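Colleague: here's my sequence, what's the structure:
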Amino acid sequence: MGRLTKQRKAALEKFNPESAYALPEATSIVKTISSTKFDASVDIAVRLGVDPRKSNQMVRGTVSLPHGTGKNVRVLVLCTPDKEQEALDAGADYVGLDEYLTKIKGGWTDIDVVITVPSVMGKVGALGRILGPRGLMPNPKSGTVTMDIGKAVQDVKAGKIDFKVDKYGIVHASIGKVSFDNDKLADNARELLQTLLRMKPAAAKGTYIRSISLSATMSPGVKVEPKSVTA
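Modeller: Numbers count the residues shown, from 1 in each chain. As a prediction, this is how the structure comes out:
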């Protein structure tokens with residue numbers, strides 16, 4: 001390992017990276033050790049005891065974080081003209097269809113969430129090679145392919161996030177900002193963890209929540225004691 005930066009060294013003096021902490025203590029440490037000049041995101045990584053290569057052990061879904069993510073979520077709604085006003089009224093940042101499909105084909109992806117209606121999913125699906133790798137592909141399971149466009153936009157703006165276990169069995173999610181109160185960060189983390197517990201696949205064997213780690217942008221990870229959340 002290379003020379004530790006001053007900031008990282010100072011951060012590591014404030015906690016023991018080998019120890020696991022109760023959730024409220026862990027969120028407090030993350031807030032303390034964050035040293036960015038901007039309001040950094042607080043991220044959680046949860047390692048699950050699943051084999052994501054097996055379809056009966058795939059864990060994916062959505063959760064509404066009680067205190068939102070603190071991010072301004074940029075929403076693109078791809079829809080038919082009759083749904084455009086509903087999308088705009090709900091707070092969508094971009095609304096349209098063919099002009100935005102053309103922009104995306106040209107490489108434009110300055111958005112965080114794409115919401116669409118079932119009738120245009122064929123057109124949107126053709127852009128899978130661009131949208132898929134960036135996690136922008138709308139999906140009925142996550143509520144982003146729907147006729148209820150207004151509610152979908154409001155939910156996303158209020159803090160509804162998607163999560164999906166990666167090939168290593170880890171779920172990564174952003175649960176707020178360093179500026180959030182400690183209790184709010186802990187509430188958001190708890191909501192995600194309780195959702196993951198409810199979604200435990202019947203085929204998953206052994207310990208389900210193997211490890212939990214919290215970190216802020218560019219800060220070291222702080223281990224969370226799983227029993228402090230799952231007990």
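Colleague: what ranges do the helices span in the chain?
Modeller: Taking DSSP state H, the helices of the chain run over residues 6-12, 23-33, 84-89, 98-105, 121-125, 128-131, 149-158, 182-198, 227-230.
Colleague: low pLDDT regions in the protein?
Modeller: Residues of the chain that meet the criterion pLDDT under 70 lie in 1-4, 231.
Colleague: now do the residue nearest the centre of it against A202, distance only.
Modeller: Geometric centre of the chain, nearest residue: A173, 3.5 Å, by CA atoms, centre = their mean. Using CB to CB, to the nearest Å, A173 is found at 23 Å from A202. Placement of C-beta: from N, CA and C, glycine included.
Colleague: show me the beta-bridge partners of the nearest residue to L88 once chain neighbours are set aside.
Modeller: Nearest non-adjacent residue to L88, counting by CB to CB, 6 or more residues apart in numbering: V95, 5.5 Å away. Taking DSSP bridges as the rule, V95 bridges to V77.
Colleague: tell me the contacts of V95?
Modeller: Counting by CB atoms under 8 Å, 6 or more residues apart in numbering, V95 touches 76-77, 79, 84, 87-88.
Colleague: now the buried members of those.
Modeller: Among the contacts of V95, those that count as buried by neighbour count (16 or more other CB atoms under 10 Å) are 76-77, 79, 84, 87-88.
Colleague: using CSV, lay out the helices of the chain together with distance to P220.
Modeller: Listed next are these as CSV, based on distance: least, CB to CB, whole Å:
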stretch, distance to P220
helix 6-12, 6
helix 23-33, 7
helix 84-89, 41
helix 98-105, 36
helix 121-125, 39
helix 128-131, 33
helix 149-158, 30
helix 182-198, 17
helix 227-230, 19
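Colleague: out of the ones you listed, which is closest to G68?
Modeller: helix 149-158 (6.1 Å; CB to CB).
Colleague: rewinding a little: any chance of the buried ones among the contacts of V95 in a markdown table, plus distance to D181?
Modeller: A markdown table is the format used below for those (distance: CB to CB, whole Å):
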| residue | distance to D181 |
| --- | --- |
| L76 | 31 |
| V77 | 32 |
| C79 | 37 |
| E84 | 38 |
| A87 | 32 |
| L88 | 33 |
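Colleague: just those now: which is nearest D166?
Modeller: So of the buried ones among the contacts of V95, ranked by how close each gets to D166 (CB to CB), first place is L76, at 24.3 Å.
Colleague: wait, that closest one touches D110, no?
Modeller: No. The criterion here is CB atoms under 8 Å, and L76 misses it with D110 at 9.1 Å.
Colleague: re the thing from before, quick one, which of the helices of the chain is nearest to S55?
Modeller: helix 182-198 (17.8 Å).
Colleague: circling back: who's the residue nearest to the centre of the chain bridged to?
Modeller: Residues in beta-bridge contact with A173 (DSSP bridges): I44.
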